[in-house]
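> based on what follows, work out the 3D shape:
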Amino acid sequence: MEFPWAAEDVPFVDTKQMIEVDRAMIEDFHIELIQMMENAGRNLAHLARHRFLDGDPRGKTVIVLAGTGGNGGGALVAARRLHNYGATVQVFLTKPDEAFTPVPGHQLDILRRMNLPIGFVADLEKPVVSGVEAAVSADLILDGIIGYSLQGAPRGAATELIRWANQQNAPILALDAPSGVGTTSGTVFTPAIQATATMTLALPKAGLLANGVAAQVGELYLADISVPPDLYSEPALQLNVGQLFAQSDIIRLK
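Take a look at the predicted model:
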């Protein structure tokens, strides 16, 4: 399946503007975070299925790397959907369940109730994770470690998950931005995910077009999370955004 290329010029936003988009979605339009997260995760699973899993995830193995915030929550939604599609899915977290913010924590609780195998960095070196053999030869790795909230170089378990992912032969699909890349400046911190493709959300982040980030971003896609176009024209943003997703919930930018 080929995803359509953007039919018009697409504005890029910095981190401050994206924070304003999220605020307006929730406070002004009453479109809640859990709705946006479901849209992000559904589209991530859809892109994974058709770009990397030959249109049929059955019999394929997907490793999902998830942080504790919204980026991780979107990846956990994708994990649930890919499992439902028939993929063998294993999830590795940066921190224990209690460290997750409420909405991503809700997504994690769902996966626990579905009995998906969930582990941590140390489990990547073990032969068995929750009764399922650790698949270091995965067909696809989803990067949901750090989103636009990145402040400085990744730390702790996030660094270990990033380094592990970059050492694998499997393609990496990053959600919103490759973990370790500044979404406003385009700074490539050490370490940073080297993605085969990145699916960014709502509007592309300015840092993804910066010089020197192409090796981290890979192919660049944009996915709909149901932001009303009128939201962008409000005084805090003053952006002219049309019906970007008229033909598809996912469009290609580069």
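> wait, doesn't Val91 sit right on Val62?
No. Under the criterion of CB atoms under 8 Å, Val91 makes no contact with Val62, lying 9.4 Å away. Using the backbone N, CA and C atoms, a C-beta is placed for each residue, glycine as well.
> mutual contacts of those two, please.
Ala79 (CB atoms under 8 Å, 6 or more residues apart in numbering).
> just checking, Thr88 touches Val62?
Yes. If you go by CB under 8 Å, Thr88 and Val62 touch, sitting 7.1 Å apart.
> more neighbours, the two?
Using other CB atoms under 10 Å, the more surrounded residue of Thr88 and Val62 is Val62, with 28 against 20.
> which other helices and strands contact the host helix or strand of the more buried one?
Taking DSSP states H and E as the criterion, Val62 maps to strand 61-66. Judged by 3 or more CB pairs under 8 Å, 6 or more residues apart in numbering; DSSP states H and E, strand 61-66 is in contact with helix 70-85, strand 88-93, strand 140-144, helix 157-167.
> show me what it pairs with in its sheet, parallel or antiparallel.
Sheet pairing of strand 61-66 (DSSP bridges) gives strand 88-93 (parallel), strand 140-144 (parallel).
> state the mean pLDDT of that strand.
Strand 61-66 shows a mean pLDDT of 98.
> CA atoms only for it - export them in PDB, please.
Taking C-alpha atoms only, strand 61-66 is exported to PDB below (Å, rounded to 0.1, in the frame of the first residue of the first chain):
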ATOM      1  CA  THR A  61       7.400 -10.100  15.500                       C
ATOM      2  CA  VAL A  62       7.200  -6.500  16.700                       C
ATOM      3  CA  ILE A  63       9.200  -5.100  19.600                       C
ATOM      4  CA  VAL A  64       7.600  -2.000  21.200                       C
ATOM      5  CA  LEU A  65       9.800   0.400  23.300                       C
ATOM      6  CA  ALA A  66       7.700   2.700  25.400                       C
END
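> which residues touch that strand?
Residues contacting strand 61-66 (CB under 8 Å, 6+ apart): 48, 53, 72-73, 75-76, 78-79, 82, 87-94, 104, 108, 135, 137-145, 161, 165, 170, 179.
> now swap in stretch 230-240 and tell me
Pro11, Val13, Gln17, Glu20, Val21, Ala24, Met25, Asp28, Phe29, Leu203, Val241.
> endpoints of that stretch, how far apart?
One end of stretch 230-240 to the other measures 9 Å (CA to CA, to the nearest Å).
> so which bits of it are buried?
Of the residues in stretch 230-240, Leu231, Tyr232, Leu237, Leu239 count as buried by neighbour count, 16 or more other CB atoms under 10 Å.
> for the protein, name the helix or strand with the lowest mean pLDDT.
strand 128-129 (a mean of 44; mean pLDDT, DSSP states H and E).
> hmm, back to that, among the helices and strands packed on strand 61-66, which comes closest to Asn211?
helix 157-167 (20.8 Å; CB to CB).
> quick check: mean pLDDT across the helix or strand just after that closest one?
Scanning forward in sequence from helix 157-167 by DSSP H and E, the next helix or strand is strand 172-175. Averaged across strand 172-175, pLDDT comes to 98.
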